[in-house]
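Asker: please find the sequence and the predicted model below.
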Amino acid sequence: QQKVQQSPESLIVPEGAMTSLNCTFSDSASQYFAWYRQHSGKAPKALMSIFSNGEKEEGRFTIHLNKASLHFSLHIRDSQPSDSALYLCAANMGYKLTFGTGTSLLVDP
Amino acid sequence: DMKVTQMPRYLIKRMGENVLLECGQDMSHETMYWYRQDPGLGLQLIYISYDVDSNSEGDIPKGYRVSRKKREHFSLILDSAKTNQTSVYFCASRSGQGAQAPLFGEGTRLSVL
């Protein structure tokens, strides 16, 4: 069974800082990797996803994937108070999408 | 507008009662999911549906069953609900295995007393 683990559990950063969130997965056959953001009481919403090794940038968000080290990460440049939320990473094998337990981010204005 | 709709949004039941959670999507997505979310445990997969009448257990199926008779509709049933099934339940859908990330509904907050 796929295991997905996130670190850190929680994080406080000042406004304008770079935020880095980490995720490891256990199944090297995983094909697809995604980050979701969930504001309190709301649905998880997909932020970014990646299939192959390397990095992908969209605005202030960058996702890195290293399949050999079973690791992917999300970096948020110029963090804003509106980025405060629970961040969930997920790894997919076939139809099954397995989530980590989340990192709670607070951006301090 | 692409949307996953869950009903009801809030539900209070007594232990031993039956519970029906409903999920609908308007995108004709083949694949649908039920997850539950508890503090500190993230999103745990209960069931996957690949299409009508084609369902598979997820990681925590015990105490739950599902029904999918139409592509746009996926139900989660708790027969004789237990207090440890108090949770927030999320439904999601995607096209096939998908290059897209699944789209989630707003959730149903279930309390079993």
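Answerer: Thanks, I have the structure now. Numbers count the residues shown, from 1 in each chain, chains lettered A, B, ... in the order given.
Asker: count of residues packed around residue 68?
Answerer: All of this refers to chain A. Residues contacting A:Ala68 under the criterion other Cβ atoms under 10 Å in any protein chain shown number 7. Yep, even glycine has a C-beta here, placed from its N, CA and C like the rest.
Asker: wait, chain B
Answerer: B:Arg68 has 19 nearby residues by other Cβ under 10 Å.
Asker: go on, A:Ile50?
Answerer: Neighbours of A:Ile50 (other Cβ under 10 Å): 16.
Asker: A:Lys67 is in contact with that one, correct?
Answerer: No. Between A:Ile50 and A:Lys67 there is no contact under Cβ atoms under 8 Å: 10.2 Å.
Asker: quick one, longest strand in the chain?
Answerer: No chain was given, so I picked chain A. Scanning chain A for the longest strand, with DSSP state E as the assignment, gives strand A:85-93.
Asker: please refer instead to chain B.
Answerer: strand B:42-51.
Asker: for that strand, C-alpha coordinates in CSV please.
Answerer: Presented in CSV, the C-alpha positions along strand B:42-51 are these (Å, rounded to 0.1, in the frame of the first residue of the first chain):
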residue,chain,number,x,y,z
GLY,B,42,-5.3,13.6,6.0
LEU,B,43,-7.7,12.3,3.3
GLN,B,44,-8.3,8.5,3.5
LEU,B,45,-9.7,6.7,0.5
ILE,B,46,-12.9,4.7,1.1
TYR,B,47,-14.0,3.6,-2.4
ILE,B,48,-13.2,4.2,-6.0
SER,B,49,-15.7,3.9,-8.8
TYR,B,50,-14.4,3.4,-12.4
ASP,B,51,-17.8,3.8,-14.0
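Asker: residues in contact with it?
Answerer: A:44, A:88, A:95-102, B:30-38, B:55-61, B:64, B:66, B:68, B:71, B:74, B:76, B:89-90 (Cβ atoms under 8 Å, 6 or more residues apart in numbering or on different chains).
Asker: spell out which parts of chain A neighbour chain B.
Answerer: Residues of chain A found near chain B (Cβ under 8 Å from any Cβ of the partner chain) are A:1, A:32, A:34, A:36, A:42-46, A:49, A:51, A:88, A:90, A:92, A:94-102.
Asker: go through those and flag which are in strands.
Answerer: Of these, the ones assigned to strands by DSSP E are A:32, A:34, A:36, A:45-46, A:49, A:88, A:90, A:92, A:96-99.
Asker: most centrally placed residue in chain B?
Answerer: By Cα atoms, centre = their mean, chain B has its centre lying nearest to B:Trp34, at 3.0 Å.
Asker: thought that one was touching B:Ser75?
Answerer: No. Contact between B:Trp34 and B:Ser75 fails when scored by Cβ under 8 Å: they sit 9.0 Å apart.
Asker: which residues are common contacts for these two?
Answerer: With Cβ under 8 Å, 6+ apart, B:Trp34 and B:Ser75 have common neighbours B:21, B:23, B:66.
Asker: which residues touch the strand or helix carrying B:Asn55?
Answerer: Element membership for B:Asn55 (DSSP states H and E) is strand B:54-57. Here strand B:54-57 makes contact (Cβ under 8 Å, 6+ apart) with A:95, B:47-50, B:66, B:68.
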